[in-house]
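[1] After the sequence you'll find the predicted model.
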Number of protein chains: 2
Amino acid sequence: MSLLVIGSVAFDAIDTPFGSTGKIVGGAASYIALATSLLYDRVGLVAVVGEDFDFEFIETLKSRGVDTSGLQVKQGEKSFFWHGKYHMDMNSRDTLVTELNVLGTFDPLIPEHLRKPDYVMLGNLSPEVQIKTLERLEHRPKLVMMDTMNFWMDIALPQLQQVLKMVDVLTINDEEARQLSGEHSLVKAARIIQAMGPSTVIIKKGEHGALLFGEGQIFFCPALPLEDVFDPTGAGDTFAGGFAGYIASTGSTSFEAMKKGILFGSCLASFCVEKFGTERIAGITMEDVNTRLKEFHKLIHLD
Amino acid sequence: MSLLVIGSVAFDAIDTPFGSTGKIVGGAASYIALATSLLYDRVGLVAVVGEDFDFEFIETLKSRGVDTSGLQVKQGEKSFFWHGKYHMDMNSRDTLVTELNVLGTFDPLIPEHLRKPDYVMLGNLSPEVQIKTLERLEHRPKLVMMDTMNFWMDIALPQLQQVLKMVDVLTINDEEARQLSGEHSLVKAARIIQAMGPSTVIIKKGEHGALLFGEGQIFFCPALPLEDVFDPTGAGDTFAGGFAGYIASTGSTSFEAMKKGILFGSCLASFCVEKFGTERIAGITMEDVNTRLKEFHKLIHLD
């Protein structure tokens, strides 16, 4: 068994009402790789960075057992960079700067020993790169999971629809589910998106929890009510990584396993928002995770 | 044991993207009385209407075992009237007309045999009327529950603070909890509101479920994901009524009982939004409630 993760490994700069970071490590695949590697020990990463990247972060991933042989380093080029500013309520944000840099020409080259994964997690990326990745695998994985965002619905909808036909599980936020389906009701939206390809749809509602739709059933997992949300950046990616890591670790793709998967995703995301960037999720142990899982169980337990 | 309900019994006119009602029965205490009487058989109502009211509705309450001897009918006067219009997302609404009529001079006269309730549910009303009601009881009830809204925070905050000191359980929506506490974090907001009086705070988040804070613990109950929300009017009152009715029926005020109380509240509210006004909640049976409770259990059940 193995889990292939692909997505952006990048720099972010984040402004919140609590302060600003300089350039720090960000990117969907950074969060996903940190989250999955906490739960599962056979994670491979495919991504691209420029020569300006913070290579200590790559050492961190290696030390957690992530196979980073699929990370391309482009000499003379710069890493993808995003600069965003959160509003007072921390629920909405403005993008101040986006520099594609190496991501603009990313060709997802997969080392030969990573071409037969049982599980794939396609982090938020251009649908064309997501499709190329799947086409380059030697066999159809047991489960293909994917995350995306409204940006691709706006500029690459046909390609997004094409990749959706190739995936089993889509994680998407509530507003994006509404945009993609054209339906306000999330129950109807999930059904429409399922008809586009993924048999399982997970709708992420941020502080309002997450809904899992599959096998004609619905399961809901709340977000942990927190005293403070320090920085929401990467919470959705961490959620997806926690889900993918749990599924890979169990080897089951049943609805019951997926229910626990979104519990693990919600649990890891609850850590992510407590510090800037990847700092918190890089610093926790399975003991921290298990303690917090107990809080989740108390939060939803009924006799 | 008995449960005293006080609040508005009134007329509403409701415009939604799905259609408009003429004048129909509404008011917080109408929804609360319907919900409580489904779960508990010793409910007494204190309210005021004008001679224009729809008295068939009062007969409906009586047929459900509600003691309506505390309903005042003001000859030559008109019932409270509210006209509202929901936006496309059904989450926000504009008030088009508010006519206080009989509610402007409401003196909550409590028939002698209703002055010793074990439980009180103060529906949304002026804090002054809520205080008068409590002052007129012969002894301190076992549990005083109260609902309120932002309107009273805007125009009668000192009186609202006074009544909060007299209650055990406050039900309030998320925006109102933020306004009352001055805190965006609902965890912090609940703690601040608890310090104002009520040892238990229930924050209603509409389609995003409800949070119960008490005894240093937190419990979360989701709303049932619905295909369509037809009319949200009265859902919060129905929730409060379901909670109060369940608590009165068990006779327990433990945190465990309150957890089940918000499950019953969420369950009844999920019916309320399926038709205009009180129509749906007036038409369901305990069999319907039990069937839907099973859906809630499936939605949140983890092995």
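    All right, it came through fine. Residues are numbered from 1 along each chain as shown, chains lettered A, B, ... in the order given.

[2] do the host helix or strand of A:Ala244 and chain B meet?
    A:Ala244 belongs to helix A:235-250 when elements are defined using DSSP states H and E. No. Helix A:235-250 does not reach chain B (CB under 8 Å from any CB of the partner chain); its nearest approach is 12.6 Å. Placement of C-beta: from N, CA and C, glycine included.

[3] what about the helices in the stretch 1-150 of chain A?
    For the stretch 1-150 of chain A, the helices defined by DSSP state H, counting those that start in this stretch occupy A:28-39, A:55-63, A:127-135, A:150-155.

[4] Throw those helices into CSV and include mean neighbour count, thanks.
    Converted to CSV, the helices of the stretch 1-150 of chain A look like this (neighbours: other CB atoms under 10 Å in any protein chain shown):
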stretch, mean neighbour count
helix A:28-39, 30
helix A:55-63, 15
helix A:127-135, 19
helix A:150-155, 14
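
[5] Same list (the ones you listed) but as CSV, adding distance to B:Trp82.
    Rendered in CSV, the data for the helices of the stretch 1-150 of chain A read as follows (distance: least, CB to CB, whole Å):
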stretch, distance to B:Trp82
helix A:28-39, 47
helix A:55-63, 57
helix A:127-135, 48
helix A:150-155, 37
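
[6] Quick one: those as a markdown table, columns for distance to chain B and mean pLDDT too.
    As requested, those are arranged in a markdown table below (distance: least, CB to the nearest CB, whole Å; pLDDT from 0 to 100):
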| stretch | distance to chain B | mean pLDDT |
| --- | --- | --- |
| helix A:28-39 | 17 | 98 |
| helix A:55-63 | 30 | 98 |
| helix A:127-135 | 28 | 98 |
| helix A:150-155 | 17 | 96 |
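
[7] about what we covered before: which element follows the helix holding A:Ala244 toward the C-terminus?
    Along the chain past helix A:235-250, the next helix or strand (assigned with DSSP H and E) turns out to be helix A:255-272.

[8] Spell out which parts of chain A neighbour chain B.
    Residues of chain A lying near chain B by CB under 8 Å from any CB: A:88-90, A:184-188, A:205, A:208-209, A:211, A:217-220, A:222, A:225-229, A:256, A:259-260, A:263, A:297-300, A:302-303.

[9] measure stretch A:157-171 end to end?
    Stretch A:157-171 has an end-to-end distance of 16 Å (criterion: CA to CA, to the nearest Å).

[10] helix/strand/coil for the closest residue to chain B within the stretch 51-200 of chain A?
    With CB to the nearest CB as the measure, A:Val187 is the residue of the stretch 51-200 of chain A nearest to chain B, at 5.0 Å. At A:Val187, secondary structure determined by DSSP: H, G, I helix; E, B strand; the rest coil is helix.

[11] so who does it touch?
    With contacts defined as CB atoms under 8 Å, 6 or more residues apart in numbering or on different chains, A:Val187 is in contact with A:Phe213, A:Ile218, B:Pro225, B:Leu226, B:Glu227.

[12] what's near enough to touch the fourth one?
    Under the criterion of CB under 8 Å, 6+ apart, the contact partners of B:Leu226 comprise A:Ser185, A:Val187, B:Ser270, B:Val273, B:Glu274.
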